[in-house]
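J.: Okay, predicted coordinates and the sequence, questions at the end:
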Amino acid sequence: EIDERERRGAPVNDKCPVSGEPIDRSKTVEHEGRVVAFCCDKCKAKFEADPAAFADKLPPAPGAEAAAKPINDKCPVSGEAVDPAQTVVHDGRVVAFCCGKCKAKFEADPAKFADRLPVKK
């Protein structure tokens with residue numbers, strides 16, 4: 001079930017990792033390529049300040065290394081080989097870039113480069 005949520009870019013959790021309360025789907029942050037939701041902005045800020053303190057409150061990533069693996073091996077902006085450290089989550093998928101400059105160009109206008117990404121299955 002969590003696997004399916006990740007594919008859709010939906011939160012991976014049902015309970016706030018900070019308070020344990022039910023989540024508000026409008027209070028989210030991306031963490032390690034996954035969408036994490038919180039009950040309120042206060043908890044979201046606490047998590048963002050120290051994500052490691054709450055990591056054990058999140059469901060484990062299915063095949064953790066596979067979840068963070070980029071869908072592409074060529075930069076959608078330059079066509080060069082990617083640097084796995086330069087990634088963003090776009091449409092629920094991890095996209096890698098050759099450098100921070102290309103990553104920023106993509107983030108500014110993802111639609112411009114979307115046709116250069118592998119077809120979503």
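T.: Arrived safely, thanks for sending.
J.: residue ranges of the strands in this protein, please?
T.: 24-31, 34-38, 83-90, 93-97 (DSSP state E).
J.: Tell me the neighbouring strands of the last one, and mark each as parallel or antiparallel.
T.: When pairs are called by DSSP bridges, strand 93-97 turns out to pair with strand 83-90 (antiparallel).
J.: what angle sits between the strand it pairs with and strand 24-31?
T.: 170 degrees (axes from the mean of the first three to the mean of the last three Cα atoms, to 10 degrees).
J.: mind saving the C-alpha coords of strand 83-90 as PDB?
T.: Provided in PDB are the C-alpha atoms of strand 83-90 (Å, rounded to 0.1, in the frame of the first residue of the first chain):
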ATOM      1  CA  ASP A  83      25.200  12.700 -10.500                       C
ATOM      2  CA  PRO A  84      23.000  10.600  -8.100                       C
ATOM      3  CA  ALA A  85      23.500  13.300  -5.500                       C
ATOM      4  CA  GLN A  86      21.700  15.900  -7.700                       C
ATOM      5  CA  THR A  87      18.000  14.800  -7.600                       C
ATOM      6  CA  VAL A  88      14.500  16.100  -7.200                       C
ATOM      7  CA  VAL A  89      11.200  14.300  -6.900                       C
ATOM      8  CA  HIS A  90       9.000  15.100  -9.900                       C
END
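J.: Quick check: residue 76 vs residue 108, distance?
T.: Applying Cβ to Cβ, to the nearest Å, the value for residue 76 to residue 108 is 13 Å. Where C-beta positions appear, they are placed from N, C-alpha and C, glycine not excepted.
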